[in-house]
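Peer 1: Build me a model:
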Amino acid sequence: MQSFRTEIENPVVEQDILDLEKKIRLFREGKADEEKFRSLRLARGVYGQRQAGVQMVRIKLPFGKVTSEQLHRIANVSDEYSTGRLHITTRQDIQIHHVSLDRTPELWAQLEKDDITLREACGNTVRNITASPTAGVDVGEAFDVSPYADAAFRFFLRNPICQEMGRKFKISFSATPEDTALSYIHDLGFIAKIQDGRRGFKVMLGGGLGSQPRHADELYEFIEASKILPLIEGVLRVFDRHGERAKRLKARMKFLIKDIGKDAFVKLVEAEKTALSGDYPDFPGEKFEKAPNLLEIEIPEVEIEDLKEFENWMKTNVIPQKQEGLFAIGIRVPLGDFYTDGARQLADLIKKYAGNEIRLSLRQDILIRHVREALLPFFYTKLKKLGYAEVGYNKTVDITACPGTDTCNLGIASSTGIAEVLEDVLKDEYPQFVNGKDITIKISGCMNACGQHNMAEIGFQGMSIKVGKTVAPALQVLLGGGTLGDGKGRFADKVIKVPSKRGPEALRLLLNDFEANAGQQEQFADYYVRKEKTYFYELLKDLADTSKLTENDFVDWGHEKPYIKAVGVGECAGVVIDLISTLLFESEEKIDNAKSAISRKAWSDSIYHSYTSIVNSAKALLLAEEVKTNTQAGIISQFDQLFVETGKIELATSFREFAYQLNENKPTAEFANKYLEDAHLFLKRADAYRTKEVQDV
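Peer 2: Residues are numbered from 1 along each chain as shown. Down below sits the predicted model:
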């Protein structure tokens, strides 16, 4: 593997990329621990695929905003390093697949030329911050949440408080009470509000999906906009310190809230106030809210061949903006997959004729913004030629699906295969659901809910079903979920499990029953609540009978060979098996990071690096004694009991008082330097103790 020149002007970014390149080289040479290396590359957006020897690279695009220049750059990178396919995720990212690990640093360097990052797109970090795709143009919004999502992204990127948490952390910003960014399923969700003329947010805390979905608690009915970054920082500090680290399935924020209660959690956040950095970025509203000047754009003449088709497209895919005379155009992207040739032409189109910006949506679609009304026929004809004018944006036919067994290690059954079949069923047999009623259909390949199946009105989860000595692919059918607005939502019930090949018939039975028996204005979720779970179980139970399966039932959708259940090791959490020597080495690296932060006068960052060095060093000694360490707070308490109170390690105070100095002092230059010196001395003492213990064995 050859070293390379990044040609990146930002020295922090350049060092980050070079560090990844160095760690890959050490890993290839057998000099880097595999689990530690995995943690590092995940935090750089590099994720292992189901296929051996290649990686999925996740490109982090805050609140889904992409310019023409950035879309060209992403397309070029995909052609150079991947296969030319771009996949939109339910977190408004873009993923590319089948990338060589050795080429990921140069891929990253290419993206950074247009201010695109991979940093913290995966791993135990603050993941991509999502927002309503219509933020800034929505006629019903209190204000544009884009500047606030952008400021949060910038402040917490590479922030030491959220680099090695017990699990991932997700944040969303909804522009309207409709809560289109789904605050109730996020660790922290914000809904824009105006109170007494002041901008602010309703705040939701501790939501999540996965195998045990939890509805977020209301943390504040209203908090001023200027206070959201200190709040997020305080919450992250508490989660980092008290969140579970040993048991992956219990390591999300929702479990911490459940275990200690919201009130106790809020007290811990309040206790962090003294230590907060205070150096927060501004919210540059004008940068996002000012509509571009589009009056000088020449209107090309076009001829609409099928007027009815055009009118249907206008009805389902075109949205009036709050800016008078401007419209947004929704592009339905089946399965979230589009390709580089079309992406480049779309980039050129928005550069010349719109606001030079698209937003990716949480339903894996594309929203073009700032299009003059007179240009709508022109856009329709151009998008139709690209295959981007399918009707049904945000309608029932707009099915959400994760990659499933196509590329994901955790996939149990094909989510993309069944999604394609269900879409065909809707288009061919139920055109009224393409243009009219909106029933959300979401599909995940496993229980982890990347396709958000357990918040859908009709959800499908990939599973397997045992039939004698063989195994067939199956779908868990979930019903009745949905977003209710203003931070409220409903999770779907698990109703029945059916063989995958019967998924289309399950959908037919559900839609036929709904059309025959629901009220004229009744939504599917409300109909489900009224009829109750047992009714739908009885409706579908014949499909669950496995006594007469055919050979075809043992072949999953999109496959030709019989189904084999093959689940790999998931990397969503970046689980790490810590080694003692590795921990002490990392403590030294954190000391170096603290010194670097001081040179930049980033006092708060330096203090947190010193703190993590102290905790790492303590954890190393505890692991040497085979003591279980599952939270940072637990490490601090256990170290006092085992080392300080027994006199094995001498400190002037308790270890708790020593470590928690960061909570008692403001982030000043004086304290940052003192705390760094303390951390360095403690590392030397821990290293000396460990060396003596090894020599005495």
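Peer 1: Poorly predicted segments of the stretch 151-300 of the chain, please.
Peer 2: Low-confidence segments of the stretch 151-300 of the chain (pLDDT under 70): 285-286, 289-291.
Peer 1: Where do the strands of it begin and end?
Peer 2: Ranges of strands in the stretch 151-300 of the chain, per DSSP state E, counting those that start in this stretch, are 171-174, 188-195, 198-205, 217-224.
Peer 1: which of these is buried the deepest?
Peer 2: Sort those by mean neighbour count, taking mean count of other CB atoms under 10 Å, and strand 171-174 sits at the top with a mean of 28. From N, CA and C alone the C-beta is placed, and that goes for glycine too.
Peer 1: Who are the packing partners of that one?
Peer 2: Helices and strands touching strand 171-174, by 3 or more CB pairs under 8 Å, 6 or more residues apart in numbering; DSSP states H and E, are strand 130-131, helix 146-156, strand 188-195.
Peer 1: May I see the domains of the chain written out as residue ranges?
Peer 2: Following automatic domain parsing, the chain resolves into domains at 11-112, 130-287, 291-386, 400-554, 580-696.
Peer 1: picking that back up, of all the strands of the stretch 151-300 of the chain, which one comes closest to I399?
Peer 2: strand 171-174 (21.3 Å; CB to CB).
Peer 1: Name the residues that touch that closest one?
Peer 2: 63, 126-127, 129-132, 135, 145, 148-149, 152, 180-183, 186-192, 201, 232 (CB atoms under 8 Å, 6 or more residues apart in numbering).
Peer 1: can you do 7 Å?
Peer 2: 63, 126, 129-132, 145, 148-149, 152, 180-183, 186-192, 232 (CB atoms under 7 Å, 6 or more residues apart in numbering).
Peer 1: do stretch 140-150 as well
Peer 2: 62-63, 129, 131-132, 135-136, 173, 175-176, 192-194, 199, 225, 228, 283-285, 287-289.
Peer 1: Against which helices or strands is the strand or helix carrying A472 packed?
Peer 2: Element membership of A472 [criterion: DSSP states H and E] is strand 470-479. With contacts taken as 3 or more CB pairs under 7 Å, 6 or more residues apart in numbering; DSSP states H and E, strand 470-479 sits against strand 458-467, strand 493-499.
Peer 1: what's the most buried one of these?
Peer 2: When those are compared using mean count of other CB under 10 Å, strand 458-467 is most buried, at a mean of 23.
Peer 1: Return the distance of that one from the chain's centre.
Peer 2: 24 Å (CA atoms, centre = their mean, to the nearest Å).
Peer 1: Can you classify the spatially closest residue to S361 that is not a sequence neighbour as helix, strand or coil?
Peer 2: Once flanking residues are discounted, S361 sits nearest to P133: 4.1 Å by CB to CB, 6 or more residues apart in numbering. Assigned by DSSP: H, G, I helix; E, B strand; the rest coil, the conformation of P133 is coil.
Peer 1: what sits against P133?
Peer 2: G64, R359, S361, L367.
Peer 1: Likewise for I331?
Peer 2: I331 neighbours (CB under 7 Å, 6+ apart): D365, I366, I368, L383, Y388.
Peer 1: In contact with the third one, which residues are there?
Peer 2: Applying CB under 7 Å, 6+ apart to I368 gives the contacts A328, I329, I331, I350, A354, I358.
Peer 1: Tell me the backbone dihedrals of the residue lying closest to A246 once chain neighbours are set aside, please.
Peer 2: Excluding the flanking residues, the one nearest A246 by CB to CB, 6+ apart is N630, at 3.7 Å. Dihedral angles of N630 (phi, psi; degrees, to the nearest 10) stand at phi -120, psi -10.
Peer 1: tally of neighbours for N630?
Peer 2: 16 (other CB atoms under 10 Å).
Peer 1: Please verify my assumption that it contacts G243.
Peer 2: No: with contact defined as CB atoms under 7 Å, N630 does not reach G243; the gap is 9.2 Å.
Peer 1: ok so, going back, and the two most separated of the contacts of I331?
Peer 2: D365 and L383 (12.6 Å).
Peer 1: mean confidence score for stretch 679-697?
Peer 2: What stretch 679-697 shows for mean pLDDT is 83.
Peer 1: tell me which residues of it are tucked away?
Peer 2: Residues of stretch 679-697 classed as buried by neighbour count (16 or more other CB atoms under 10 Å): A679, H680, F682, L683, A686, D687, Y689, R690.
Peer 1: Lowest-scoring secondary structure element of this protein by mean pLDDT?
Peer 2: Within the chain, confidence by mean pLDDT, DSSP states H and E is lowest for helix 285-289 among all helices and strands, at a mean of 68.
Peer 1: any weak-confidence spans in the stretch 301-450 of the chain?
Peer 2: 409, 436-437.
Peer 1: in it, which spans are helices?
Peer 2: 307-317, 340-353, 376-386, 415-429, 431-435 (DSSP state H, counting those that start in this stretch).
Peer 1: Can I get the first one in CSV, CA atoms only?
Peer 2: Yep, that's helix 307-317 we're talking about. Output of helix 307-317 as CSV, limited to C-alpha atoms (Å, rounded to 0.1, in the frame of the first residue of the first chain):
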residue,chain,number,x,y,z
LEU,A,307,-51.1,15.9,-20.6
LYS,A,308,-52.9,13.6,-18.1
GLU,A,309,-49.6,12.0,-17.1
PHE,A,310,-48.2,15.5,-16.5
GLU,A,311,-51.1,16.5,-14.4
ASN,A,312,-50.8,13.4,-12.2
TRP,A,313,-47.1,14.3,-11.8
MET,A,314,-48.0,17.8,-10.8
LYS,A,315,-50.5,16.5,-8.3
THR,A,316,-48.2,14.0,-6.5
ASN,A,317,-44.7,15.3,-7.1
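Peer 1: Tell me which other helices or strands it touches.
Peer 2: Using 3+ CB pairs under 7 Å, 6+ apart: helix 307-317 touches helix 376-386, helix 431-435.
Peer 1: next one: the fourth one
Peer 2: For helix 415-429, the contact count by 3+ CB pairs under 7 Å, 6+ apart identifies strand 400-401, helix 431-435, strand 441-444, helix 503-517 as packing neighbours.
Peer 1: residues in contact with the second one?
Peer 2: Taking contacts as CB under 7 Å, 6+ apart, the residues outside helix 431-435 that touch it are N312, K315, T316, V391, G392, K395, T396, V397, L426, K427, I439, L511.
Peer 1: try 10 Å
Peer 2: 312-313, 315-316, 332, 390-392, 395-398, 423, 425-427, 439, 441, 511, 514-515 (CB atoms under 10 Å, 6 or more residues apart in numbering).
Peer 1: Give me the buried entries from these.
Peer 2: Using 16+ other CB under 10 Å, the buried members of those are 312-313, 316, 332, 390-392, 395-398, 423, 425-426, 439, 441, 511, 514.
Peer 1: Stretch 611-624 - what's its average pLDDT?
Peer 2: Stretch 611-624 comes out at a mean pLDDT of 93.
Peer 1: which stretches of the stretch 1-150 of the chain aren't confidently modelled?
Peer 2: In the stretch 1-150 of the chain (pLDDT under 70), the answer is 1-6.
Peer 1: Let's see that with 50 instead.
Peer 2: 1-2 (pLDDT under 50).
Peer 1: can you pull out the strands in it?
Peer 2: Using DSSP E, counting those that start in this stretch, strands in the stretch 1-150 of the chain cover 46-48, 55-59, 65-66, 85-88, 94-99, 130-131.
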